[in-house]
Every structure is written in C-alpha cells, then in structure tokens.
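Novice: Fold the stuff below for me.
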Amino acid sequence: MPAAVSHYFPEQLLTIIAAQLGGLVQSSFVSAGLFDQGLITKPQILLAMLTVSNPFRTLRRNLPTALAIFPLPIALTIVIGMQVARLLTTVCGIALVIFWMHCQI
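Specialist: Model (predicted):
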C-alpha cells in the first residue's frame with residue numbers, strides 16, 4: 001500500500017472492517033483492542049467506522065424494513081435515496097477527518 005494511503009488507512013483497519021460484519025459492538029471491541037496496543041489512532045478508528053458501516057447497515061436493517069412496509073418500487077426508491085444521502089454525508093465526513101489528520105502532521 002502506498003505510504004500516503006497507509007498513513008490514514010493502515011492494514012489493521014481491515015480487522016475493524018471485518019468485525020463490522022458482526023455489528024457495531026464487535027467492531028468497537030476490536031477497535032479498542034487495537035488502540036490499546038498502539039496499532040491505530042482514534043481518527044483512524046473513525047475512518048474505519050465511517051468507511052464501511054453504511055452499506056452493511058442498509059443490507060441488515062433498512063432494506064428489509066422498507067420492503068416490509070412499502071411495495072418494491074417505493075421501498076427501493078426510499079432505500080436508494082437514503083443511501084445516496086448517507087454516501088454524500090459520509091464522503092464529506094471522511095474528507096474532513098483526513099484533512100484534520102493531515103493538518104495534525
């Protein structure tokens with residue numbers, strides 16, 4: 001991985017991303033363990049949580065709930081609209097965190 005990218009996204013973040021498949025509680029325990037060992041920083045944990053949490057949350061919660069309430073076309077419109085809004089917000093958040101980390105160097 002290039003040095004510029006590995007400074008913000010070290011390989012230990014893959015462990016957090018994998019733990020997010022199990023949920024937020026599991027990934028927070030993994031994050032705390034990696035932080036206690038000094039392998040990652042708090043901003044890097046925030047980046048990992050921002051990067052992956054939205055797609056998994058949608059597949060586990062939002063899509064089934066919308067399909068249970070609304071007909072398929074409306075449910076997909078609602079979920080896709082929510083995802084686009086979340087994606088834009090998340091990308092802005094990730095950019096702000098990376099900018100803040102860059103300014104701290």
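Novice: Now Ile69. Nearest residue, chain neighbours left out?
Specialist: Spatial nearest neighbour of Ile69, chain neighbours left out: Ala75 (7.2 Å); criterion: Cβ to Cβ, 6 or more residues apart in numbering. (Each C-beta comes from the backbone N, C-alpha and C, glycine too.)
Novice: Against Arg60, how distant is that neighbour?
Specialist: Separation of Ala75 from Arg60 (Cβ to Cβ, to the nearest Å): 15 Å.
Novice: Likewise for Leu24?
Specialist: Going from Leu24 to Arg60 by Cβ to Cβ gives 11 Å.
Novice: Only alpha carbons, please: show stretch 97-104 as CSV.
Specialist: C-alpha atoms of stretch 97-104 as CSV (Å, rounded to 0.1, in the frame of the first residue of the first chain):
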residue,chain,number,x,y,z
VAL,A,97,-11.2,13.6,9.1
ILE,A,98,-8.4,13.1,6.5
PHE,A,99,-7.9,16.8,6.2
TRP,A,100,-7.8,17.1,10.0
MET,A,101,-5.3,14.3,10.2
HIS,A,102,-3.2,15.9,7.5
CYS,A,103,-3.1,19.2,9.4
GLN,A,104,-2.0,17.4,12.6
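Novice: Low-confidence ranges, this structure, go.
Specialist: Residue ranges of the chain with pLDDT under 70: 1-3, 53-59, 105.
Novice: one more time with 80
Specialist: 1-10, 17, 20-24, 51-61, 105 (pLDDT under 80).
Novice: For it, list the residue farthest from the centre, please.
Specialist: In the chain, Pro71 marks the outermost C-alpha relative to the chain mean, sitting 28.7 Å out by Cα atoms, centre = their mean.
Novice: follow-up on the earlier one: OK, contacts around the residue nearest to Ile69?
Specialist: 63, 66-67, 69 (Cβ atoms under 8 Å, 6 or more residues apart in numbering).
Novice: Just give me the closest of these to Pro10.
Specialist: Nearest to Pro10 among the contacts of Ala75, counting by Cβ to Cβ, is Leu63 at 31.4 Å.
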